[in-house]
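# my questions concern the predicted model and sequence given below.
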Amino acid sequence: MRIRSAVIIEENDKILLIKRVKEGQTYFVFPGGQVEQGETLEQAAIREALEEVGVIVELEGLFFELSFNGQQVYYRAKIIGGKIGTGTGPEYSQPELYSGTFEPVWLAKNELTKHDVRPIELIEKLFER
């Protein structure tokens, strides 16, 4: 079964996302990706944040799980190092293998529902009181 592990990074009422432009669509996703063999969910989330966004994170706990195209897990995380925009994952080093573009961006939390941010179930959970 496919397992995706991702991070939710929130600072100053903004959320760090990956802006994707692919096949004429613009949408946003949380930094994350497939868990590799021999890797824990937590290790995958930390690795993916570095590869996709260029930041070193510390996980603050599991926030949300979703069954969609396999299992997806989302951890709250805080940045403890690195620099946004310096990701070195295959999306950047081998762009010919991926269609579209990847761009780390901050979106205001109160703007999330005005954009195509995926998965919508996670956005709904972020706004629960």
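Happy to help now that I have it. Residues are numbered from 1 along each chain as shown.
# name the helix or strand for E51, please.
helix 41-53 (DSSP states H and E).
# tell me the mean pLDDT for that helix?
Averaging pLDDT along helix 41-53 gives 97.
# after the helix or strand bottoming out on mean pLDDT in the chain, next one along is what?
Sorting the helices and strands of the chain by mean pLDDT, DSSP states H and E puts helix 90-93 at the bottom, at a mean of 76. The helix or strand immediately downstream of helix 90-93 is strand 101-108, counting by DSSP H and E.
# returning to what we had before: buried residues, the least confident helix or strand of the chain. List them.
Neighbour-count burial for helix 90-93, counted by 16 or more other Cβ atoms under 10 Å, picks out E91. Every C-beta, even on glycine, is put in place using the N, C-alpha and C of the backbone.
# then stretch 35-47?
So, applying 16+ other Cβ under 10 Å, buried residues of stretch 35-47: 35, 41, 44-47.
# need those in CSV with distance to E121, can you?
Listed next are those as CSV, based on distance: Cβ to Cβ, whole Å:
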residue, distance to E121
V35, 20
L41, 18
A44, 20
A45, 18
I46, 23
R47, 24
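# OK, contacts around the most centrally placed residue in the chain?
Central residue of the chain (Cα atoms, centre = their mean): P31, 1.7 Å from the mean position. For P31, the contact set (Cβ atoms under 8 Å, 6 or more residues apart in numbering) comprises 6-7, 9, 16-18, 48-49, 52-53, 104.
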